[in-house]
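Engineer: Build me a structure from this.
(one chain, ligands or ions: 1)
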Amino acid sequence: MSTQAQINALEKALEKELNMCQKFAELNDIKAQYLGKKSQLTDLMKAMKDSTPEEKRELGQYINQAKSTFNAMIEAKKTALEAASVRAKLNQETLDLSLPGPDYTLGQSHVLTQIIESIEDLFVGMGYVIKEGPELESDAYNFEKLNLPKDHPARDMQDSFYISKHTLLRTHTSPVQVRTMLEYGGKKPVKIICPGKVYRRDDDDATHSHQFMQIEGLVVDKNTTMSDLKGTLRIVAEHLFGAQREIRLRPSYFPFTEPSVEVDVTCAQCHGAGCPMCKHTGYIEILGAGMVHDAVLEASGYDPKIYQGFAFGIGVERLAMLKYGIEDIRNFYINDLRFLKQFK
Ligand code: PHE
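Structural biologist: Residues are numbered from 1 along each chain as shown. This next block holds a predicted model:
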């Protein structure tokens, strides 16, 4: 049989095998069989060595031609097998596009975070800077520089968890105000709010917890008056409890402010007429405030003859309880999703 005839026969045989082949693995065997080192095509090549140069050229052409034809045939089969396997897979994995997708519930911030962020937004809009400080504080910053020297009786109201003789878990965020005044070096005006966690040795009852959150504010400048404080507090009250709120200032006492006031807002339920929520007073107490005591300004490097300031302290849990009628402060901390999900 001539070489050409042999090649033709091989091509026919290859075609037949490819038609029957169903798997990739078989395809590799076929390739080895028809194009590999031990294939008949290779044998034909080897047989050429006894031919004349002319014959060699001719035969070589046939064989090379055959090689590329066989290769192309095998590649085509490979592509066909791949397409078939994708098709089979698709048929198997039919998607029912009418089925509802998986339920990815979007979470939300904790109700206390929501209140803090909303107050931050309000104050940032009025040009305040947000300042934070450490929860582990020195006695000096937490008490002494706030006009609460050692053995001051008002310390009892806030006495806290001492870690060592001079360090404690801060009882309010006022030490951040001290830190800021010191940082500003008694020269720059101060306009800050300080949100954060505070700790007190309070009785744990429905409205008290040994750990809670505050936002305190401090403004120190050259012409700061009590009316600035009152105007600011009124904006806060309206922001939190809705427009048309009245506030009322009652004389109070804090060592770090003079004069000091307790701030009430007209009851959200009865608008001042009197109801069980406000204990028939028409007002609800929301925060403490006052004009910064000269001793506090001085202790942090501000000359009280030039600078005055006002400060206020908001209890975040207390606000949330008033705003939403929550009766037990522990609800904020026990992470019951049924409670938390109500504040979307
Ligand atoms: N630091 C006070 C407290 O925690 C709150 C307060 C701040 C009162 C500023 C007056 C002025 O009780």
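Engineer: In the protein, what residue lies closest to the ligand?
Structural biologist: Closest residue of the chain to the ligand, CB to the nearest ligand atom: Gly313 (2.5 Å). In this view, the C-beta of every residue, glycine as well, is placed from N, C-alpha and C.
Engineer: Skipping adjacent residues, who's closest to that residue in space?
Structural biologist: Leaving aside its sequence neighbours, Gly313 sits nearest to Glu216 (CB to CB, 6 or more residues apart in numbering; 4.5 Å).
Engineer: quick check, that neighbour in a strand?
Structural biologist: Yes: secondary structure of Glu216 (DSSP: H, G, I helix; E, B strand; the rest coil): part of a strand.
Engineer: give me every residue that touches it.
Structural biologist: Residues in contact with Glu216 (CB atoms under 8 Å, 6 or more residues apart in numbering) are His172, Thr173, Ser174, Val176, Gln177, Ile193, Cys194, Ala311, Phe312, Gly313, Ile314.
Engineer: for Leu136, same thing?
Structural biologist: Contact analysis of Leu136 by CB under 8 Å, 6+ apart lists Ile163, Thr167, Leu168, Leu169, Arg170.
Engineer: Can you turn the buried part of the residues you listed into a PyMOL selection?
Structural biologist: The PyMOL selection below is limited to those of the contacts of Leu136 classed as buried (16 or more other CB atoms under 10 Å):
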select buried, resi 167+168+169+170
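Engineer: Narrow the contacts of Leu136 to those in strands?
Structural biologist: Thr167, Leu168, Leu169 (DSSP state E).
Engineer: so which of these comes closest to Met73?
Structural biologist: Closest approach between those and Met73, by CB to CB: Leu169, at 81.5 Å.
Engineer: Just confirm the closest one contacts Asp159, I think it does.
Structural biologist: No: assessed by CB atoms under 8 Å, Leu169 is found out of contact with Asp159, at 11.0 Å.
Engineer: how much space between Phe24 and Glu82?
Structural biologist: Phe24 sits 8 Å away from Glu82, going by CB to CB, to the nearest Å.
Engineer: ditto for Ser174
Structural biologist: Using CB to CB, Ser174 is found at 73 Å from Glu82.
Engineer: swap in Leu337?
Structural biologist: Leu337 sits 49 Å away from Glu82, going by CB to CB.
Engineer: Who has more neighbours out of these two?
Structural biologist: Between Leu337 and Glu82, Glu82 has the larger neighbour count (other CB atoms under 10 Å), namely 11 against 8.
Engineer: bridging residues for the residue nearest to Gly313?
Structural biologist: Taking DSSP bridges, one obtains Cys194, Gly313 as the residues bridged to Glu216.
Engineer: Next one, pLDDT for it please.
Structural biologist: pLDDT, Glu216: 97.
Engineer: Could you do Met48 as well?
Structural biologist: Here, the pLDDT recorded for Met48 equals 83.
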